[in-house]
Structure formats: structure tokens, C-alpha cells
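Colleague: Any chance you can model this:
(chains A and B)
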Number of protein chains: 2
Amino acid sequence: MQITQPTLCIHINQAKNNLLEMKQKADEANIKLRPHFKTHQSAEIGHLAQTIGITSCTVSSIEMALYFAQNGWDNITVAFPVNILEIERINQLAQTIQLNLLVENNESIQFLQENLKSNIAVWIKVDCGYGRTGVAIDNYSTLQQLVQEIENSSKLNFKGFLTHNGGTYKCRSKEEILELHRLVIYKIANLKAQFPNAKVSYGDTPSCSVASSFDHIDEIRPGNFVYYDLMQHHIGSCSLNQIAATMKVPVVATHPERNAVVVYGGGVHFSKETFTFSDQTIVFGLVKNINNIPVREDIYLTQLSQEHGILTMPDSLLDEVKLGDIVEIIPVHSCLTANLMKHNTVYL
Amino acid sequence: MQITQPTLCIHINQAKNNLLEMKQKADEANIKLRPHFKTHQSAEIGHLAQTIGITSCTVSSIEMALYFAQNGWDNITVAFPVNILEIERINQLAQTIQLNLLVENNESIQFLQENLKSNIAVWIKVDCGYGRTGVAIDNYSTLQQLVQEIENSSKLNFKGFLTHNGGTYKCRSKEEILELHRLVIYKIANLKAQFPNAKVSYGDTPSCSVASSFDHIDEIRPGNFVYYDLMQHHIGSCSLNQIAATMKVPVVATHPERNAVVVYGGGVHFSKETFTFSDQTIVFGLVKNINNIPVREDIYLTQLSQEHGILTMPDSLLDEVKLGDIVEIIPVHSCLTANLMKHNTVYL
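Modeller: This is a model prediction of the structure:
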């Protein structure tokens, strides 16, 4: 297939390997893998997950839940604080699939009780230290009160506590990830001591990729691992070879006088997500392949406008790059790139 | 109309005023306004531009040129170094509209000469100091040689030199913008002295918004001005009242203990473009309206995940915010937000 414009390439065998590896890890730990589908938002990748025995998934919006419900998924968790304004679509979904929502306050529980037309399951969102949203994991009095409210409700089935260990995104090695993972497991153990019958759902790609012990956890929800990306590589979650999503973009100009190659590929293709190397260099992507020159730490995307990308590369290699060449680039954050590239994705 | 999920709201009267003001300025300076449509990528806004007498436009990709060609535009400049891999679609477009492309090296000129099926017009992209792409504006020997190549070609009509004064995006006041504008005008005057018959096309919203003198310039191509945004406000291009694009997003959780409100609206809605205030605060958007509390410098989006947005606001106001409220937010960069929100935009 000839690439003529910015194209997201999914290396399907690698994506399958990533899924298989995580599934095997979950099976060995005797826990459920409910992968987060916000990364790919793709019925094709969903189907791939089904072929290896995955039967339920996580999404981050009602819109995505509707999409996957229409594409063969009948057990979906929306891992986002319930948006009460979407009650109509929630009711529509709850009639056709096993829908699991997140609550974290009385108001949403009461609203669901008063407005749901059929039963759903709910998780209480707990904050294990990341500080984005949810009830603090050790705020047992509030948690107890919310559990009671749910148990009093005729529409809501209490599943347990759901958390996202997002702090791992600040880690820069396997050891740092494992240390934070162990700390959160300790907090979860304390929570379970208070609520022995509640299940625990745990997320984030870094810890699920690196850890092998998941004590007190019933379900994991990593998402990014299916593709991985430059950020995950630098966090310590994966090797470069495990990355299953790359961008292919055309060269449209070269500027040897400033070691720059201009590519057709900008913020509307890659997203404006950046990664800061330890030497403070800010990058928007790392070149994986340019005219058979393989990955090098000194060829990367240093600047993005809406459609322009600027690659910086050493003098000695610039002569080999010409107009119309295709450059393969590892994106910083594959979830955001995949979201932008939905309409121009190829599965290789 | 009830907002239930992240929605881009275009305040159409303000957009029309912004267009009218720029058109009047161009008319008074006796230059052509060829607005850049990459900001809105919207047939509706294109139609609005037609109603006030604008007859030609700029885009940043062949894809966008095809879209506007299908929506009533027959004179389009693709202000991006020609991507030779898209020659098939270039030929398709060139048969139906007046297509104007950008070249900046021999290779692209030769390629077009050999592969075009009908005539097109070309501009030579010159770099007036921004350093993204183009031939240095004072590299007269290279420019002379490219002009000669184009004039020798049987397929290409030479229009002149096109530049983007992107350096204005680093300005932080009207005075700084005007200083840089005058510097570039000086460079353009020197260029015109060398090539008296060539036209000059000039871009960027900041200088076109602030300047009133456009000596030696034949055409201006601002784009963002139709909507403006938080970045343009801080650059000094516009007042807050001139901003015509806002996001409306639902509140899904509140966390008074850390002055935070969680909204349904993340990187896939706003984009990850940031703006750094002079006190080094990094923001993803400024709240325009939350329960009738108007714009304040201390209520803004401080964190974005894929779907979550975190608003920071003072303690004293948090009591007034509740689940299901709608918050109106000024995006940092309306072009990237509009691109992401194409499928959920309302014109008010």
C-alpha cells in the first residue's frame, strides 16, 4: 500500500502479542483483564481482543460504549465519573448490555436511582494517590456511606472499588513503577480489610506491564499496552520493539543549514503531547526509520505546527533524505494519536 | 439546545464581526484578504466569508482543498510545501479550480513540471525569520534561480513570494507584534526591490490583527482571527470579547479539598496545546462562564487527560458548582480544538 499522507500504521502482530502477554499475566494471577479501549477506539482491535478470549472492556465515554456495544461487546465499564446529563443514552445502553458505571458522590447515586430505567452495576471511584478524581482510598467513612447508599438503591448493584494508579506515568524505570505499585497494593489491602466483599479494579499500563503480583486485585484495566508508545518506553513499561503503532509521514522539504527535515505531519496528526528527555529536550516523536536508518536517539520531532513537523537530525545523515521519502515515527502518546488518526489508520 | 457532552460553540455574530473587520482593513489597504481556513475547516464559516465578499481562501492540505472545492470555493492556495506524493489529487483539483501551490526547491518544481496534467499557479515559500520552512527571504541567488525555473516551466505560473510571520506568536503585546511586523515589512521591501514584478502574500493573525500598514504586500492570509483564542489574547491580537469559539463541558465531580472541579472535556476535545502565563502557570483553557461567574484570571483548566479536565478555582466559588453544571471555556488554540470537535460543533 502506498502511503501519500500522514498515516497511522498498526503492526497487528505486535498488538496481538501485547494483548496475549497481558492476558497470560492476568490468567496466571487469576484476575480478569478488562482492557481499556480508549487507546485504539477500534472495532478491529476489539475483534482481535475477542479472538484471544477477552470478553469485557473498559471505555472512557458513553459515546465509546455505544460504539463498542454496536461492535459486539456486551459488558462494558465506563471508567469515567458518570455524566448525569447523558442519562438518555445511559438508559439506552443499559437496556442492551451489561453496563458498569463509576460513582464517587451521593448526588450521582441519587440521580441514577431516580432516573435509571433498568439496573446497572456501579463501581466507586477511589483515588489511590494520583489526585485526579475519586474518593481518597483511605476515607473509609465516606466510602462506607456511599456503599450503603448503593446497597439501599433498587437500581444499582455494587461491584466494588475502581482505581487508576496514574502516578506511574511520572516514573522513569521499572524499579520506580514497582515501588509505586507496591505502595498502592498496600493501600488496597487496607481498603479490602474494611470492605472484604468488595471487588477491586486496578488500572494503568505501566504497573500492569511491569508487575507480576496483583494481590487483593480482582480486575486490571490497562489500555495503552496494546500499542505502547514513546512515553511508555521512557517510563519503563516496554521495549521499543513492543511498540505496535507508528506514524508514516512524507518529507516535504529539507533544510541542511539547520539540520532540519520538514514532514507533512503536525499537531492534528500526532497531537501536541510532548515528552521531555532527561537532558530537557522536548520531543513530539522519535524517528523509527528514515531510509533504513534505524532508531537513533538523535533523530526526533522537535516542533509541530498544525500540519508541519520538524525533524532534527545529524548533518551526516541529511544527505540521504529527499522529497517524497516516507519517515516512520513513534508517537509520544499513542492514545491521542490514534484518536486523531481514526480516519487514516492501516492495519499491517 | 441542551448541551450534554463536550461541545464547541461558535458565536456566529462575533465570527462575522471578526471577518468584517479584517475585510475592511484589507479593503482600506487595497490588498486581498485570502483567509486561512485551517482554523475552522467548516463549510458554514466558509459560506459566512462568502457573504461578506471573500472569494478565495487558503488551506494547509490537499484534503482541505478538496473539501472546500466541494463546498463552493474555486480559488484555493495550499499554504504548505507541495507534497509530491499527492500528485493524483493535485491533478484532480487543478482540473476543477484555480489551484495555487507552494514550492521552495528545484525538486518540487521539476516534479510538478513533469507530472502536472494542467496548469497551476505557484508561490515560492520564503522564510522571513520564523525558521520553519522556506528559502531565506534574503537569499536572492537561490530565489532568482527558482523564479527562473518556474518561468521556464510550461505548467507553472509564477505568482510571487509567500511568507508566514510566525515569530509574532512569541510576542506578548501589540507593540512587540508591530515591531516584528515592521522588521518583516523592511525585509519584504528589500525583496521587492530585487523582484519588482512578483507579488507578496503575507500571513499570521497577530500582525494582521494589530497592524494597519501593509506596504509592499499584495495579499494577507490570517486564519485564526475568525475565532481567536486564549493564546491570541495573550499575544495581544484580540480582546477576550472578540473570541468567537468556546467549549461547553459538563461538570462530573467536585473536589473542594483541593479546589478542583472535574469536567468531561480532555485532550481529545481541547487538544494538548498549553499556554504559559507570565507567572509560569501552565493552562489548557480559561473559564469564560461557570454559573454566571464571569471570566476571572484564577479559574482555568490546569490538567487534561484523554477525557478528564481539571479546573482550578478559588475556595469561595466552589460551593456554587454542582454535578451537571455546564462550564464555558476559552480554548488555548482554537484551530486545534476546532479540528478535534468537527463532529460536535454548534453555531449559535
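
Colleague: number of nearby residues for the closest residue to A:Glu176 other than its chain neighbours?
Modeller: Among residues not flanking A:Glu176 along the chain, A:Gly236 sits closest, at 7.1 Å (Cβ to Cβ, 6 or more residues apart in numbering or on different chains). Using the backbone N, CA and C atoms, a C-beta is placed for each residue, glycine as well. Using other Cβ atoms under 10 Å in any protein chain shown, A:Gly236 has 18 neighbouring residues.

Colleague: Can you check what pLDDT the model gives A:Gly236?
Modeller: pLDDT recorded at A:Gly236 is 96.

Colleague: who's in contact with it?
Modeller: For A:Gly236, the contact set (Cβ atoms under 8 Å, 6 or more residues apart in numbering or on different chains) comprises A:Cys171, A:Arg172, A:Ser173, A:Lys174, A:Glu175, A:Glu176, A:Ile177, A:Pro206, A:Val210.

Colleague: Relative to A:Ala121, which of those is nearest.
Modeller: Each of the contacts of A:Gly236 was scored against A:Ala121 by Cβ to Cβ, and A:Pro206 proved nearest at 27.1 Å.

Colleague: I'd guessed that closest one sits against A:Thr168; true?
Modeller: Yes: if you go by Cβ atoms under 8 Å, A:Pro206 and A:Thr168 touch, sitting 3.7 Å apart.

Colleague: Between the two, which contacts overlap?
Modeller: The contact lists of A:Pro206 and A:Thr168 share A:Ile177, A:Ile235, where a contact means Cβ under 8 Å, 6+ apart.

Colleague: What segments of chain A are helices?
Modeller: For chain A, the helices defined by DSSP state H occupy A:12-28, A:43-51, A:62-69, A:87-94, A:106-115, A:140-152, A:174-194, A:205-210, A:230-235, A:267-270, A:315-318, A:334-340.

Colleague: tilt between the third one and helix A:43-51?
Modeller: An angle of 60 degrees separates the directions of helix A:62-69 and helix A:43-51 when computed by axes from the mean of the first three to the mean of the last three Cα atoms, to 10 degrees.

Colleague: Other residues contacting helix A:62-69?
Modeller: By Cβ under 8 Å, 6+ apart, the residues outside helix A:62-69 that reach it are A:37-38, A:41, A:43, A:46, A:57, A:59, A:76, A:78, A:83, A:86, A:89-90, A:92-93, A:96-97, A:99, B:5.

Colleague: One more: the longest one?
Modeller: Contacts of helix A:174-194 with the rest of the structure, by Cβ under 8 Å, 6+ apart, involve A:126, A:128-129, A:137-138, A:140, A:143-144, A:161, A:163, A:165, A:167-168, A:171, A:198, A:200, A:202, A:206-207, A:210-211, A:213-217, A:235-237.

Colleague: Now restrict these to buried residues only.
Modeller: Listed as buried from the contacts of helix A:174-194 are A:126, A:128, A:137, A:140, A:143, A:161, A:163, A:165, A:167-168, A:171, A:198, A:200, A:202, A:206-207, A:210-211, A:214, A:217, A:235-237; burial here means 16 or more other Cβ atoms under 10 Å in any protein chain shown.

Colleague: For the stretch 201-348 of chain A, what lies in contact range of chain B?
Modeller: Contact residues, the stretch 201-348 of chain A versus chain B (Cβ under 8 Å from any Cβ of the partner chain): A:250, A:252-255, A:258, A:262, A:264, A:267-268, A:271-274, A:303, A:305-308, A:310, A:322-324, A:335-336, A:339-340.

Colleague: I'd like to know which of the residues you listed are buried.
Modeller: The neighbour count (16+ other Cβ under 10 Å) marks A:250, A:252-255, A:262, A:264, A:267-268, A:271-274, A:303, A:305-308, A:310, A:323, A:335-336, A:339-340 as buried among those.

Colleague: So which of the residues you listed belong to strands?
Modeller: A:Pro250, A:Val252, A:Ala253, A:Thr254, A:His255, A:Val262, A:Tyr264, A:Gln303, A:His308, A:Ile310 (DSSP state E).

Colleague: Fine by me, we can end here.
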